[in-house]
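Participant: My questions concern the predicted model and sequence given below.
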Amino acid sequence: MRALRGIAIILLVCVGLVTAAGAVLWSGSLAGLARAEVVSTGAMAPSFEAGDLVVVTARPAAELTAGDVVSVRSPGTGAGHLERVVSASPASSETWTIITAARSGGSTTEHTIGTEVWAPSLRVPVVGGVVSTMLQPSYAIPALAVVLLLGAVVLVGRAPTGPVRTTA
């Protein structure tokens, strides 16, 4: 029971660290400092592969050059996705026009943005696929049950508080 309790404590610490990292990223997203996006296709290869978790942060649009990768919002859903910049030019003192392509040699899209653009600043390989899967209720609810079970193992398997006395 002691070994099982030790394993449960290690797993709970790992879950706690992942939860803390997620909370920091979530609070950064609420504050408008950063957003997490999952690369859904291999169109950005070799820079980004499908399943990568990418943290995007605001960057001045004046720094954009052809070939940079930026996060743009889909017109229908509003979800962000990565596209490669084909060209960027100022439209006025407050706006920029960028032309992006999801694939090299593919069709281009024109976007009008403000003075800042969301660009990748951190890439975590493979983790994005796991994160997006675990956020689905069909996986999140059983995962929560496992965490509760691990907590129960830790609480039930506690060592006695005092010496064990036996009577003869």
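Facilitator: Thanks, I have the structure now. Numbers count the residues shown, from 1 in each chain.
Participant: tell me how far stretch 47-56 is from the chain's mean position?
Facilitator: 9 Å (CA atoms, centre = their mean, to the nearest Å).
Participant: and the end-to-end length of it?
Facilitator: Using CA to CA, to the nearest Å, the end-to-end distance of stretch 47-56 comes to 14 Å.
Participant: What residues sit buried inside that stretch?
Facilitator: By neighbour count on 16 or more other CB atoms under 10 Å, the buried set for stretch 47-56 is 48, 49, 51, 52, 53, 54, 55, 56. (C-beta placed from N, C-alpha, C; glycine too.)
Participant: Tell me the one among those nearest to residue 152.
Facilitator: residue 53 (30.8 Å; CB to CB).
Participant: Surely that closest one and residue 134 touch.
Facilitator: No: here residue 53 does not reach residue 134: they are 11.8 Å apart, not a contact under CB atoms under 8 Å.
Participant: and residue 5, what are its phi and psi?
Facilitator: phi -60, psi -40 (degrees, to the nearest 10).
Participant: quick one: which of the buried residues of stretch 47-56 sit in helices?
Facilitator: Using DSSP state H, no member of the buried residues of stretch 47-56 falls within helices.
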